[in-house]
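Engineer: A structural model of the following input is requested.
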Amino acid sequence: MGAETANDGAQTAPVPAMQRLRGALAAIMEDPHEASAKLTAGLAVAAALCSGQYTLMFSHTILAQSEATNDWSYYQAKSIKRNMSEGTADLLRALSLDDPASAQKFAALLAEHESRAHRYGQELDDIKSRAERTEKRKTLRNRQGNFFQYAFVAFQAGVVVANVSGGRRRALFGLALACGVLGLLFAAAGAALSLPMFAP
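Structural biologist: Numbers count the residues shown, from 1 in each chain. Got it, this is the predicted structure:
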């Protein structure tokens, strides 16, 4: 009676993770060809998805680069305008000092150019901030694209190794699985960069 109770306790004890993994692999390897075919199909689908994500991130990177270039060009144009207004204001001040009688005539023009220079200075800060945010977004999309590209390579390597193994060579089959896991890690890293905490 005590022995039966002990056996019942042994049967209900949790199976270690490694033992469960070995059991799952043994079940998979019962039909090596089917296992190899399923693994190959799964890796191929994952590779196709990562390839699409890489292309998408590459497009976002190109668009962000174009936006950043436009922003910096606009920044330079506004900077030139500010410098011209400041130069004109300096010239008017010099003329007013040289000829105090003309100071009254130049007062309105001087105020206008000082106002323009101040406005351009404020606009420059906004444009610079926007351009820097765009640059950060470009860098982030580029990093995401790199991760998806690495995942694609890992999945494709897994497809090749799974085909070579034919399900019969356990070492190669395990290597194909490892390539799949590596691809998943890279893909997860790329996807994680879309989280709000990484937003520029």
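
Engineer: would you list the phi and psi of L193?
Structural biologist: The phi and psi torsions at L193 (degrees, to the nearest 10) take the values phi -70, psi -10.

Engineer: remind me which helix or strand V45 belongs to.
Structural biologist: Using DSSP states H and E, V45 falls within helix 32-98.

Engineer: so what does that helix touch, helix or strand wise?
Structural biologist: helix 103-165, helix 170-192 (3 or more Cβ pairs under 8 Å, 6 or more residues apart in numbering; DSSP states H and E). Where C-beta positions appear, they are placed from N, C-alpha and C, glycine not excepted.

Engineer: that one - what's its average pLDDT?
Structural biologist: Taken as a whole, helix 32-98 has a mean pLDDT of 86.

Engineer: mind checking pLDDT for the residue nearest the centre of the chain?
Structural biologist: Closest residue to the average C-alpha location of the chain: Q144 at 2.9 Å, with Cα atoms, centre = their mean. Reading off the confidence values, Q144 has pLDDT 92.

Engineer: from S85, how far off is Q122?
Structural biologist: 13 Å (Cβ to Cβ, to the nearest Å).

Engineer: the two - which one has more neighbours?
Structural biologist: The residue with more neighbours, out of Q122 and S85, is S85; 20 against 11, by other Cβ atoms under 10 Å.

Engineer: my guess is that one contacts A111, does it?
Structural biologist: No: assessed by Cβ atoms under 8 Å, S85 is found out of contact with A111, at 11.5 Å.

Engineer: L124: what's it in contact with?
Structural biologist: Applying Cβ atoms under 8 Å, 6 or more residues apart in numbering, we find L124 in contact with Y75, K78, S79, R82.

Engineer: okay, it and S73: tell me how far apart.
Structural biologist: In terms of Cβ to Cβ, L124 sits 13 Å off from S73.

Engineer: next, count neighbours for A199.
Structural biologist: Residues within reach of A199, counting by other Cβ under 10 Å, total 11.

Engineer: now Q149, nearest residue through space, not along the chain?
Structural biologist: Using Cβ to Cβ, 6 or more residues apart in numbering and skipping the chain neighbours, the partner closest in space to Q149 is Y54 (4.8 Å).

Engineer: surely that neighbour and Y150 touch.
Structural biologist: No: using Cβ under 8 Å, Y54 makes no contact with Y150, being 9.3 Å away.

Engineer: now for these two: what residues contact both?
Structural biologist: What both Y54 and Y150 touch, as defined by Cβ under 8 Å, 6+ apart, is an empty set.

Engineer: quick check, S36 in contact with R169.
Structural biologist: No: in this structure S36 lies outside contact range of R169 using Cβ under 8 Å: 9.5 Å.
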